[in-house]
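Student: need a 3D model of the following:
(one chain, ligands or ions: 2)
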Amino acid sequence: RSFLPGGGHLSGHAVSANSVRPAAAVPAFSVEMPIPPVLQPFKADPDVDFYRLPIQPANVNVLPGLQTPALTFNGGFVGPTIRARTGRPVSLTVGNQLGEAANVHLHGGHVAAIHDGHPMDVIAPGGSRNYLYPNTQQGATLWYHDHSHHTEAEHVYYGMQGFYIIDDPAESGLNLPSGQYDVPIMLRDGLFGEDGSLLIGGDEPRNTILANGKPQPYFPVAARKYRLRLLNGALHREFFLNLGGATMYQIASDGGLLPAPVGRTEIRLSPAERTEIVVDFSRYPVGSSVVLGDSGSGPVIRFDITRTASDSSRIPSTLRALPALPTPTAVRDVRLLFDVSDPNNPLGTVNGNPFDPNRADVRIKRGTTEIWNVTNADPADFEVPHNFHMHLVQFRVLSRDGHAPDQDDLGRKDTVLIPPTKSIQVQATFGDHLGRYVYHCHYLEHSQMGMMAQMEIYS
Ligand code: C2O
Ligand code: CU
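Tutor: Ligands and ions are numbered 1, 2, ... in the order given. Sure thing, here's the model as predicted:
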């Protein structure tokens, strides 16, 4: 079982967790949660915004009084947020200042294959390249992260991730909370050494829970409605989020708004999934607090209601309709499983094959619609969850183990959890882009071990 999370088989930056003693736990709610800065374009043409987003090593402050060596976008342990707009392309120039290859993938983005950050399409050390994101899709909370082959798990763990939010003019009439009341929150975990270093190897649990790069922070809010965009940026942890039983109104999932708000008391997020909720803090008196908790790990963020504020935003009863489901023309089976036939070299596989960049595992005609049955095919005693992520498209979950999907499967999804031995059925329409895109388990240590495959879209 040693290959299983946070298994000691990762190479690269892996540090033996035994060589450094773990850091003392930071008392909950002792630091304030920051909001990642919004990246400003260095140039705006009539129809394109141009940004620079350097990849650079940096020492960051995560635990009070300690420096953590990190791999970052622009120096942030959560990278800067890019706020794009539907219909307006973004050009991103990325210089790689690391001593090794790295790249950028726009998770959830509908982009041309050459701009997708394919695992083999990396930026050499000292090199630079340009990514073009057309933003032809509807408003959504996307994110960007490294996807360099065999180093994606370390790179993301060490900090190479940030929000990419597409604002959609078509949604402005909904009058959802906006501006300072629209807050992206990246959740993840980490194992820290007493010197502040992040440890990835070994079997010790990653028991420090971070929100926007700080351990169990507090966040001052006004007594009014907020839109919270939550992302699970962990390599291997599901969050089961609650507000102590109070209702949270979920308004969006991975690919944008739901048809209507859904009242939730607990929301499950597996790695890479996003959920957007509206929380009305006017239910709480000024001076009180409410804790966003994770039923697996404990408190995550304490929201302190510190002031009143006017509020003209609403939670509309309808949001945005989902597109009709076209008729599928193919059904495929996708099995995610480990190959442990060589215990010294366990492999992640899809349908028994570890990732091979030279092989197209499936060929799909552009514009067609398919149903994929995706199964966590490992033996039950592995007890390892997987999840399923496709590049290029958002899909819809049709069923889960032959039953209706969970509330966590609602809307336009690009990543869904598949617990041990379970399966899901999803339907996707492969739009206008051609070329090779990957699909994989988004427990990144699994995809790094090979649990990834390739689809080739042809015309
Ligand atoms: Cu979030 Cu293949 O990626
Ligand atoms: Cu997996």
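Student: next, count neighbours for the closest residue to residue 400 other than its chain neighbours.
Tutor: Spatial nearest neighbour of residue 400, chain neighbours left out: residue 424 (5.1 Å); criterion: C-beta to C-beta, 6 or more residues apart in numbering. The C-beta positions use only the backbone N, C-alpha and C, and glycine is treated the same way. Close neighbours of residue 424, defined as other C-beta atoms under 10 Å, add up to 26.
Student: and for residue 150?
Tutor: 16.
Student: let me know whether it touches residue 448 as I believe.
Tutor: Yes: using C-beta atoms under 8 Å, residue 150 is in contact with residue 448, at 5.8 Å.
Student: got the domain ranges for this structure?
Tutor: Taking automatic domain parsing as the reference, the chain has its domains at 43-170, 179-308, 330-458.
Student: to residue 322, which of those domains lies closest?
Tutor: Among the domains of the chain, the nearest to residue 322 by C-beta to C-beta is domain 179-308 (5.7 Å).
Student: contact partners for the residue nearest to residue 400?
Tutor: 373-374, 388, 397, 399-401, 405, 409, 416, 418 (C-beta atoms under 8 Å, 6 or more residues apart in numbering).
Student: list the contacts for the residue in the stretch 201-350 of the chain positioned nearest to ligand 1?
Tutor: The stretch 201-350 of the chain approaches ligand 1 most closely through residue 272 (4.8 Å), counting by C-beta to the nearest ligand atom. Contact analysis of residue 272 by C-beta under 8 Å, 6+ apart lists 107, 143, 231-233, 387, 389, 414-415, 442.
Student: so it, which of the three states?
Tutor: coil (DSSP: H, G, I helix; E, B strand; the rest coil).
Student: show the pLDDT at it.
Tutor: Per-residue pLDDT puts residue 272 at 98.
Student: do residue 165 as well
Tutor: We have a pLDDT of 98 for residue 165.
Student: what count of nearby residues applies to the residue of the stretch 251-400 of the chain found nearest ligand 2?
Tutor: Closest to ligand 2 within the stretch 251-400 of the chain is residue 386: 3.3 Å, counting by C-beta to the ion. Close neighbours of residue 386, defined as other C-beta under 10 Å, add up to 28.
Student: please report how far it lies from ligand 1.
Tutor: 14 Å (C-beta to the nearest ligand atom, to the nearest Å).
Student: quick check: bridge partners of that residue?
Tutor: Counting by DSSP bridges, residue 386 forms beta bridges with residue 418.
Student: ok, back up a step: possible to save the domains of the chain as JSON lines with distance to residue 324?
Tutor: Shown next, in JSON lines, are these (distance: least, C-beta to C-beta, whole Å):
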{"stretch": "domain 43-170", "distance to residue 324": "15"}
{"stretch": "domain 179-308", "distance to residue 324": "12"}
{"stretch": "domain 330-458", "distance to residue 324": "10"}
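Student: right, so of the ones you listed, which gets closest to residue 33?
Tutor: Of the domains of the chain, the one closest to residue 33 (C-beta to C-beta) turns out to be domain 179-308, at 3.6 Å.
Student: is ligand 2 contacted by that closest one?
Tutor: No: counting by C-beta under 5 Å from the ion, ligand 2 has no neighbours in domain 179-308; the shortest distance is 8.3 Å.
Student: who in the stretch 351-459 of the chain is up against ligand 1?
Tutor: With C-beta under 6 Å from any ligand atom as the criterion, the stretch 351-459 of the chain meets ligand 1 at residues 389, 391, 438, 440, 442.
Student: one more time with 8 Å
Tutor: Contacts of the stretch 351-459 of the chain with ligand 1, taken as C-beta under 8 Å from any ligand atom, map to 389, 391, 415, 438-440, 442, 444, 447, 452.
Student: okay, the residues you listed in a markdown table with secondary structure and distance to ligand 2 next?
Tutor: Below are these laid out as a markdown table (DSSP: H, G, I helix; E, B strand; the rest coil; distance: C-beta to the ion, whole Å):
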| residue | secondary structure | distance to ligand 2 |
| --- | --- | --- |
| 389 | strand | 10 |
| 391 | coil | 16 |
| 415 | strand | 11 |
| 438 | strand | 14 |
| 439 | strand | 12 |
| 440 | strand | 8 |
| 442 | coil | 8 |
| 444 | helix | 9 |
| 447 | helix | 7 |
| 452 | strand | 10 |
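Student: and the gap between residue 174 and residue 282?
Tutor: Separation of residue 174 from residue 282 (C-beta to C-beta, to the nearest Å): 19 Å.
Student: the two: who's more crowded?
Tutor: Higher neighbour count among residue 174 and residue 282: residue 174, with 18 against 15, using other C-beta under 10 Å.
Student: dump the residue contacts of residue 84.
Tutor: With C-beta under 8 Å, 6+ apart, residue 84 has these contacts: 49, 90, 133, 135, 164-167.
Student: can you give me the strands for the stretch 101-250 of the chain?
Tutor: 105-107, 128-133, 140-145, 161-167, 182-192, 198-199, 208-211, 214-215, 218-223, 225-232, 239-242, 248-253 (DSSP state E, counting those that start in this stretch).
Student: give me the neighbour count for the residue of the chain found nearest ligand 1.
Tutor: Across the chain, no residue is closer to ligand 1 than residue 107, which sits at 3.5 Å (C-beta to the nearest ligand atom). When neighbours are counted by other C-beta under 10 Å, residue 107 registers 22.
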